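> I need the structure of the sequence given here:
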Amino acid sequence: MNVKKLKENSVFIISLLLTLIFIAWGAFFTENLTNVTNIIYNASIDYLGWVYIGVTLFLVIFSFYLLFSKYGHIRLGKATDRPDFNTGSWLAMLFGAGMGIGIVYWGVAEPVTHFTTPPYGEAYTIEAANTAMQYTFFHWGLHPWAIYTVIGLALAYFQYNRKFPAAISSVFYPLLGDRIYGPIGKAIDILSVFATVFGIATSLGLGALQVTAGMSAIFDSPDTLTVQLIVIAVATVIYLVSVNSGLEKGIQYLSNSAMIISFAILLLVLIIGPTITIIKLFFNTTGLYLNNFIQMSLRLRPFGEGEWIAAWTLFYWAWWIAWAPFVGMFIARISRGRTVKEFVIGVLIVPTLGTCLWMSIFGGSALEMVVHADNHELAKFITDNVSLAIFTFFEQLPFGSILSILGFALVAIYYITVADTATFVLGMLSEGGTLNPSNKIKMTWGIIQSAVAAVLLLSGGLEVLQTASIAAAFPFAIIMLFICYSLLKGLDKELEVQRRKPRIKDTK
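This is a model prediction of the structure:
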């Protein structure tokens, strides 16, 4: 390989070497890695949790500012560009990448867990049930989607309007200038690849645990390490075939299928579940969420007893930030032709409403089962067996077997979709920001991320890796503020350019 080629592939090569080193550390020195990551994670949460709280709230406010600002009419791309994907497919793909499998995993488990161990007040009460739903909305609502909105919009603008490479470093051009092409820019992109690989590997490992648990519940198959490794291997083959089909076929078809199955399950549970209670709960919880939004967003308990906030709210904020480079890159890739206003509505408002509706239907139905039936045993089983929570919930409903099969199919599709989109994004980052990475690079990263998940399952290091991914999120929380500044500078520049040239007629 000549020097020029080596320089061009430096992001890929260095990222790959760092990944292999980290795999070895996690596989052979798991206890040491555990100690190091726990120290970093606990320090960031205990002493700098206020940074996560402040930054995420600022990003929500900033996103709403963009929605109603003078920048709303700016189109991502040329004035004559139109979206590459229809609105339904666009929403399905961004939702699947953002948190599709997460709401399936936590839709039942989180409200019930908060009901048994609430952030405040007495457990197993009506008040605890209301508080549980309020905080579930809070954790899955505007805050995570605002993080994705800001980074996704910044990446899309600098790619399509300023013609920079599809790389995280491109966003910093207003701050760094041409230095984004040098060592500083390369370092930013390497860190982005590194964070994405381990965030996704963690999710693949945890996803394999849930898929295996679902197979055990439905098909009575053994829930063993061997089966988990087989699940990873089979999923790897499937998503490698899918990712080689490109965005227009593989990922789009998977996302659309997942959305159709999600709606089918949603409607079935709404109809056969406690329908009136669900509707009342959605409206009531929305009111509580909006009414207490600022208080929840800034809640830290400075005089002690802040363990619940650290374990849930701060953990979530760090996790969403850790996922931001991956999700933002993918959302940017599929959003050419949208206006800023369309983008913010589609990435912030619509997914928040959809997520809250899902949580109302699943979480509300589950709480109805444990509250009115005073079924503490069911509540304890769900909180002790989170990976089985959704299947345990289905067993309590009519047509439980059908719902379980649909739920298993949904988990499997979302699992493959996340791996699929991550492989695509890693390919983009590794090849200098190309919008259509080569199959060779995509397949390389696909195999590597599955190998990481498998090795860490074998060594018992998955939770360690999750902690490490979140610990690494703190610097990116600060970086998000600089991204906001860069985006504003870029949008101002866009308005200035538009004022200088004749308006192009907006035709469809």
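
> Phe68 and Phe62, how far apart?
12 Å (CB to CB, to the nearest Å). For glycine as for every other residue, the C-beta is placed from the backbone atoms N, C-alpha and C.

> Kindly report the same for His372.
Distance from His372 to Phe62, by CB to CB: 42 Å.

> If you count surrounding residues, which of the two has more?
Remark: of His372 and Phe62, Phe62 carries more neighbours, 20 against 12, as counted by other CB atoms under 10 Å.

> Need the nearest residue in space to that one, chain neighbours excluded.
Ranked by CB to CB, 6 or more residues apart in numbering and with sequence neighbours excluded, the top spatial neighbour of Phe62 is Cys484, at 5.5 Å.

> Pick out the residue nearest the middle of the chain.
Using CA atoms, centre = their mean, the residue of the chain that lies closest to the mean C-alpha position is Gly98, 3.6 Å off.

> what helices or strands is the longest helix seen in the chain leaning on?
Taking DSSP state H as the criterion, the chain has its longest helix at helix 30-68. Other helices and strands packing on helix 30-68, by 3 or more CB pairs under 8 Å, 6 or more residues apart in numbering; DSSP states H and E, are helix 10-28, helix 142-160, helix 293-297, helix 315-333, helix 340-344, helix 462-471, helix 473-500.

> Measure how far that helix is from the centre of its chain, please.
Chain-centre distance of helix 30-68: 15 Å, with CA atoms, centre = their mean, to the nearest Å.

> State the next helix or strand along the chain beyond that helix.
Using DSSP states H and E, the helix or strand that follows helix 30-68 towards the C-terminus is helix 87-106.

> Do I have it right that Trp25 meets Asn35?
No. Using CB atoms under 8 Å, Trp25 is not in contact with Asn35, being 11.8 Å away.

> okay, those two: which has more neighbours?
Taking other CB under 10 Å, Trp25 and Asn35 do not tie; Trp25 has more neighbours (16 against 12).

> residues touching that one, list them.
Residues in contact with Trp25 (CB atoms under 8 Å, 6 or more residues apart in numbering) are 32-33.

> So which residues of the stretch 101-250 of the chain form helices?
Per DSSP state H, counting those that start in this stretch, the stretch 101-250 of the chain carries helices over the ranges 109-116, 126-140, 142-160, 173-176, 183-219, 225-243.

> Run through who's touching the shortest one.
Which is helix 173-176. 158, 162, 164, 169, 180, 184-185, 482, 485-486, 489-490.

> change it to 7 Å
Applying CB atoms under 7 Å, 6 or more residues apart in numbering, the contact partners of helix 173-176 are 158, 164, 180, 184-185, 482, 486, 489-490.

> could I get these as a markdown table with neighbour count, pLDDT and distance to Ala409?
Formatted as a markdown table, the contacts of helix 173-176 follow (neighbours: other CB atoms under 10 Å; pLDDT from 0 to 100; distance: CB to CB, whole Å):
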| residue | neighbour count | pLDDT | distance to Ala409 |
| --- | --- | --- | --- |
| Phe158 | 27 | 94 | 38 |
| Phe164 | 20 | 91 | 39 |
| Ile180 | 22 | 87 | 43 |
| Ile184 | 13 | 87 | 45 |
| Gly185 | 21 | 86 | 42 |
| Phe482 | 15 | 92 | 42 |
| Ser486 | 20 | 94 | 41 |
| Lys489 | 13 | 93 | 45 |
| Gly490 | 21 | 92 | 42 |
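
> Now do the contacts for Ala208.
228, 231-232, 453, 457.

> what's around Tyr120, how many residues?
With other CB under 10 Å as criterion, Tyr120 counts 11.

> swap that for Asp374, please
Neighbours around Asp374, by other CB under 10 Å: 10.

> so what pLDDT did it get?
For Asp374, the model assigns a pLDDT of 70.

> tell me the secondary structure for it?
Secondary structure, DSSP: H, G, I helix; E, B strand; the rest coil: Asp374 is coil.

> any idea how far it lies from Met296?
Using CB to CB, Asp374 is found at 28 Å from Met296.

> Check Ile103 too.
Counting by CB to CB - Ile103 and Met296 are separated by 19 Å.

> Which residues in stretch 396-405 does the neighbour count mark as buried?
Using 16 or more other CB atoms under 10 Å as the test for burial, stretch 396-405 gives 396-397, 400, 403-404.

> Tell me which of the helices of the stretch 101-250 of the chain sits most buried.
helix 142-160 (a mean of 27; mean count of other CB atoms under 10 Å).

> That helix versus helix 30-68: what angle between them?
Counting by axes from the mean of the first three to the mean of the last three CA atoms, to 10 degrees, helix 142-160 lies at 80 degrees to helix 30-68.

> Quick one: list the elements packing against helix 142-160.
The contact analysis (3 or more CB pairs under 7 Å, 6 or more residues apart in numbering; DSSP states H and E) places helix 142-160 against helix 30-68, helix 315-333, helix 340-344, helix 350-372, helix 473-500.

> Just the mean pLDDT for the shortest one, thanks.
Think helix 340-344. For helix 340-344, the mean confidence score works out to 96.

> For that helix, output the C-alpha coordinates as PDB.
The C-alpha trace of helix 340-344 is given here as PDB (Å, rounded to 0.1, in the frame of the first residue of the first chain):
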ATOM      1  CA  VAL A 340     -35.000  22.600   8.300                       C
ATOM      2  CA  LYS A 341     -38.500  22.900   9.600                       C
ATOM      3  CA  GLU A 342     -39.500  19.500   8.000                       C
ATOM      4  CA  PHE A 343     -36.400  18.000   9.500                       C
ATOM      5  CA  VAL A 344     -37.100  19.200  13.000                       C
END
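
> In terms of secondary structure, what does it contact?
Identification of packing neighbours for helix 340-344 by 3+ CB pairs under 7 Å, 6+ apart yields helix 30-68, helix 142-160.

> Lowest average pLDDT across those?
helix 30-68 (a mean of 88).

> Compute the inter-axis angle for it and helix 315-333.
60 degrees.

> Of all the residues in helix 30-68, which ones are buried?
Result for helix 30-68 [16+ other CB under 10 Å]: buried residues 30, 33-34, 36-37, 40-41, 44-45, 49, 51-53, 55-60, 62-64, 66-67.

> Contacts only, for Ser404.
Residues near Ser404 by CB under 7 Å, 6+ apart: 217-218, 391, 394.

> pLDDT below threshold where in the protein?
1-8, 243-250, 304-305, 459-462, 465-466, 469, 502-508 (pLDDT under 70).

> let's see 50
Residue ranges of the chain with pLDDT under 50: 1-6, 504, 506-508.

> possible to save the helices and strands packed on helix 30-68 as CSV with distance to Pro437?
Output for the helices and strands packed on helix 30-68, formatted as CSV (distance: least, CB to CB, whole Å):
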stretch, distance to Pro437
helix 10-28, 10
helix 142-160, 14
helix 293-297, 38
helix 315-333, 10
helix 340-344, 23
helix 462-471, 23
helix 473-500, 23
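
> give me every residue that touches Met480.
For Met480, the contacting residues are 55, 59, 150-151, 321, by CB under 7 Å, 6+ apart.
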